[in-house]
Every structure is written in structure tokens, then in C-alpha cells.
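Asker: When you get a sec, could you give me coordinates for this:
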Amino acid sequence: MTGYLLAGERLKQSLGRSAEVAGCAMRVTGEAHKPWDAAMFMGGLHEVTIAVDGETARWWLDGLDEYAIHLPGFVLSKLEVSTVEVIAGQLLATIEAETVKEA
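Answerer: Below you'll find the model as predicted:
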């Protein structure tokens, strides 16, 4: 598995654990990952669409940033909740992230 795909898998796992700790349930409904490399680093750009349930769902989404999620082997250089919609009482959110492989 290439580095940016591994980072994407770890991102989804870490988001799931974080949601669980916050008392809400999260499931991935869509995802896209692509390499983001330069001469000095190897990284990835990630877009993950999630559905979140629970009383603390909005609070959890509002607190998400690059400091709230840990990705072993990678630096999370950006994490942003770009959209949030309420559909049938469920929050649907799009998360955009940038990862860089640790040296």
C-alpha cells in the first residue's frame, strides 16, 4: 500500500476512534485520496465524507482540527471540516486533510 493510501486508512481509523471517545458514531460514506509529493516530502490529500450520529456529533465536528487527530507515521498538516449538512436528523460532513510522511 502506498504512503498516501496508508495515511488515508489511518485517518479514517483515527476519526472513528475520536468519534467513539466523544460519544458519537461515525461511518465513512465516501472518500478520495491522492498523492501530494514534492522534492522535500511525500504526502497525500484526502477528502472523507462521513455520517455522524449522537448528541455530541456537532460538538465533535466543531472540535476537529489537525491537533485533534493523531496519525502514527504521518504528520497531519491540515484537517478541516469543509461542509456539514443535516439530513434526516443525521449530520453529513466532508473532511479535507493533508498528510506528510514522517522521516
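Asker: Name the nearest residue to Met1, ignoring sequence neighbours.
Answerer: Distances taken as C-beta to C-beta, 6 or more residues apart in numbering put Glu9 closest to Met1, at 7.5 Å, once the chain neighbours are dropped. For glycine as for every other residue, the C-beta is placed from the backbone atoms N, C-alpha and C.
Asker: quick one: secondary structure of the one you found?
Answerer: Following DSSP: H, G, I helix; E, B strand; the rest coil, Glu9 is assigned to helix.
Asker: quick one: it from Asp62, how far?
Answerer: 25 Å (C-beta to C-beta, to the nearest Å).
Asker: between these two, which one's more packed in?
Answerer: Legend: neighbour count by other C-beta atoms under 10 Å for Glu9 and Asp62, higher for Glu9 (13 against 10).
Asker: quick one: furthest residue from the center of the chain?
Answerer: Ala39 (25.0 Å; C-alpha atoms, centre = their mean).
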